[in-house]
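J.: Fold the stuff below for me.
(one chain, ligands or ions: 2)
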Amino acid sequence: MDLDKITAEEIGEDHISNGVNTPLRDDAFEKTDEEKIEIIQEHFAEIMHALGLDLTDDSLKGTPYRVAKMYVKEIFEGLNPKNKPVARQFNNNYDYQGMLVEKNIQVTSFCEHHFLPFIGKAHVGYISSGKKVIGLSKINRIVDYYSRRPQVQERLTLQIADELQEALETDDVAVFIDSKHLCVSTRGIKDQSSSTITAEYRGAFQNEDTQQKFIDYITTNTEIQ
Ligand SMILES: Nc1nc2c(ncn2[C@@H]2O[C@H](COP(=O)(O)OP(=O)(O)OP(=O)(O)O)[C@@H](O)[C@H]2O)c(=O)[nH]1
Ligand SMILES: [Zn+2]
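T.: Ligands and ions are numbered 1, 2, ... in the order given. The predicted model follows:
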């Protein structure tokens with residue numbers, strides 16, 4: 001399969017049948033990265049032109065291409081399923097049945113209303129179904145993949161929970177995100193002190209004691225410095 005020219009139908013689960021989808025057009029995967037960069041570059045030059053900027057200036061002339069490349073290859077790379085991390089499963093041979101928490105995962109995402117960043121931490125917990133586990137770093141990679149799209153924090157939280165349930169073959173997952181939205185801190189109301197918390201508790205994490213244990217783990221600093 002030519003992953004550069006993948007179609008919506010070929011994507012299957014990722015964007016189409018997942019619980020909470022990023023709103024995408026049916027032809028979202030018909031263009032290559034290079035074709036997308038070309039189109040965005042032209043339009044961004046128009047935006048700069050409308051703002052009155054001189055595109056022949058040495059420092060500005062490369063900006064439309066830089067922005068286009070940044071959108072497609074960097075900050076919105078999570079729109080392209082070929083960048084989805086492969087979370088290879090391992091058998092849970094050691095039969096660890098406790099809670100596993102990956103905390104302080106960096107979140108660098110982008111508000112879909114203003115295309116400004118929101119930056120914070122995700123804390124993720126799961127209880128193994130007894131069958132499968134995935135490598136720790138894959139949890140961080142899943143958070144990063146779904147972050148690198150135009151997002152709202154609520155959808156990001158749910159997409160991470162959906163993906164973990166599938167990758168880990170368990171109902172028991174928790175996703176907690178605390179982040180600062182630059183659209184709130186740098187413009188509009190310009191409130192630099194507030195942050196936004198979203199939390200999704202599924203399966204055993206809906207039980208009050210289990211949920212409390214997860215919150216204790218993410219709020220207790222036990223790291224060896
Ligand atoms: N629920 C939710 N809202 C968000 C998120 N990121 C940004 N927003 C909000 O989206 C809203 C967009 O509101 P609008 O009234 O259409 O836009 P606006 O005039 O720029 O709003 P102000 O930010 O109040 O100036 C704002 O209130 C943002 O704070 C998010 O992740 N989740
Ligand atoms: Zn915003």
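J.: Strands of the chain, residue ranges please.
T.: All strands of the chain, identified by DSSP state E, fall at 89-91, 99-111, 117-127, 132-134, 150-151, 173-181, 196-201.
J.: If you count neighbours, what's buried in the fourth one?
T.: What that stands for is strand 132-134. Neighbour counts using 16 or more other Cβ atoms under 10 Å place 133, 134 of strand 132-134 among the buried residues. Heads up, the C-betas are built off the backbone N, CA and C, glycines and all.
J.: closest one to residue 38 among the strands of the chain?
T.: Closest to residue 38 of those, according to Cβ to Cβ: strand 150-151, at 19.9 Å.
J.: Direction included, what does the closest one pair against?
T.: Using DSSP bridges, the strands paired with strand 150-151 are strand 99-111 (parallel).
J.: Which residues belonging to the strand it pairs with are considered buried?
T.: 99, 100, 101, 102, 103, 105, 107, 109, 110, 111.
J.: Could you report the neighbour count for whichever residue of the chain sits closest to ligand 1?
T.: Of all residues in the chain, residue 188 sits closest to ligand 1, at 3.1 Å by Cβ to the nearest ligand atom. Residues within reach of residue 188, counting by other Cβ atoms under 10 Å, total 10.
J.: how close does it get to ligand 2?
T.: 8 Å (Cβ to the ion, to the nearest Å).
J.: what's that residue sitting at in phi/psi?
T.: Dihedral pair for residue 188: phi 60, psi -120, per degrees, to the nearest 10.
J.: hang on, the earlier thing: could I get the strands of the chain as TSV with mean pLDDT and distance to residue 68?
T.: Formatted as TSV, the strands of the chain follow (pLDDT from 0 to 100; distance: least, Cβ to Cβ, whole Å):
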stretch	mean pLDDT	distance to residue 68
strand 89-91	83	37
strand 99-111	97	15
strand 117-127	97	18
strand 132-134	85	34
strand 150-151	98	15
strand 173-181	98	24
strand 196-201	98	29
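J.: what bridges to the closest residue in space to residue 153 that isn't next to it in sequence?
T.: Among residues not flanking residue 153 along the chain, residue 198 sits closest, at 5.0 Å (Cβ to Cβ, 6 or more residues apart in numbering). In this structure, residue 198 bridges to residue 177 when assessed by DSSP bridges.
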